[in-house]
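J.: sequence? don't have it. structure:
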């Protein structure tokens, strides 16, 4: 059984950041593996360790910078990786449809039995890519999976799903399937020093749209970012500064003004 894990490099801004046009200044961003995808990687590696999966392939859509992120998946046990990037993605925001079109082509090339991914990304938070991909490629799917077992013959996945109101659903999903996983599914491992060294020797297959039989028109986004700004705060909070005595005196004064303790 081959497992394809979709992973994403997500950007996290510093506490203090500047906005340049419709994006946060690159100098104020730090990049890391999406938290939800980390759980998907761990689930795939556990299937390999159990002898159920024969190969784990990580795939990401991202520039060369993203190789550092995808090597984290390799260091944790993925066998090889595919990184897709093209100048067409530089032009603007890649929406769900553009990503699904790209991942569909990767699935066609890799022919996995199971596709795992995080239920959402920490930066955009759409939570739609996995289920949209399943619809496009005709796979069964389950979302918000917080417990997973796969039969030894790789034919059926037994999943717990977290529903609204704290309700949990137990269902069986025939493979091939796409499963999007929730945090708490497992405990993602830390990459060992040995794993990190091995990751440097593992293959990252860099592909562009032409390699996948796609063109720029195929991934043209229907969404554009019109503007980006920090919302104005309506809070009248006061930051009390000074030493302990000065701060205590000012706090007591504010409390008296508000009628606290009167």
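T.: Received it, and whenever you're ready, just let me know what you need. Worth saying up front: this structure is predicted, and the values here are computed from it rather than measured. Numbering: from 1, shown residues only.
J.: only C-alpha atoms for contact and neighbour calcs from this point on.
T.: Noted.
J.: Low-confidence bits of the stretch 51-200 of the chain, can you list those?
T.: For the stretch 51-200 of the chain, applying pLDDT under 70 flags no range at all.
J.: which stretches of it form strands?
T.: Ranges of strands in the stretch 51-200 of the chain, per DSSP state E, counting those that start in this stretch, are 55-61, 80-84, 114-118, 140-150, 156-162, 168-174, 177-181.
J.: Which positions within stretch 154-172 qualify as buried?
T.: 154, 156-162 (16 or more other Cα atoms under 10 Å).
J.: Helix or strand: which one has residue 4?
T.: When elements are assigned from DSSP states H and E, residue 4 belongs to strand 2-6.
J.: Given that strand, what are its sheet partners and their directions?
T.: Each strand paired with strand 2-6, and its direction, by DSSP bridges: strand 55-61 (parallel), strand 114-118 (parallel).
J.: re earlier: can I get the strands of the stretch 51-200 of the chain in TSV with distance to residue 216?
T.: TSV is the format used below for the strands of the stretch 51-200 of the chain (distance: least, Cα to Cα, whole Å):
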stretch	distance to residue 216
strand 55-61	14
strand 80-84	13
strand 114-118	25
strand 140-150	28
strand 156-162	36
strand 168-174	34
strand 177-181	26
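J.: So for residue 97, which of these sits nearest?
T.: Nearest of these to residue 97, taken as Cα to Cα: strand 55-61 at 13.1 Å.
J.: coming back round to it: let's have the strands paired with strand 2-6 in a markdown table, adding distance to residue 17 and mean neighbour count.
T.: Compiled in a markdown table, the strands paired with strand 2-6 are given as follows (distance: least, Cα to Cα, whole Å; neighbours: other Cα atoms under 10 Å):
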| stretch | distance to residue 17 | mean neighbour count |
| --- | --- | --- |
| strand 55-61 | 25 | 24 |
| strand 114-118 | 27 | 27 |
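J.: can you put those strands in CSV and add distance to residue 168?
T.: Formatted as CSV, the strands paired with strand 2-6 follow (distance: least, Cα to Cα, whole Å):
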stretch, distance to residue 168
strand 55-61, 28
strand 114-118, 18
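J.: coming back round to it: among the strands of the stretch 51-200 of the chain, which is nearest residue 47?
T.: With Cα to Cα as the yardstick, what comes closest out of those is strand 140-150 (7.8 Å).
J.: and for that closest one, what are the contacting residues?
T.: 43, 47, 52, 119, 130-131, 134, 156-163, 173-186 (Cα atoms under 8 Å, 6 or more residues apart in numbering).
J.: do that again at 6 Å, thanks
T.: 119, 156-162, 177-182, 185 (Cα atoms under 6 Å, 6 or more residues apart in numbering).
J.: Next, the buried residues of stretch 138-149.
T.: For stretch 138-149, burial by neighbour count (16+ other Cα under 10 Å) applies to 139-148.
J.: Revised request: answer the last question for stretch 65-82.
T.: 66-67, 69-82.
J.: what about the helices in the chain?
T.: 35-49, 67-75, 87-90, 96-110, 129-137, 193-199, 244-257 (DSSP state H).
J.: The third one: which residues count as buried?
T.: I take that to be helix 87-90. Quick answer for helix 87-90 (16+ other Cα under 10 Å): 88-89.
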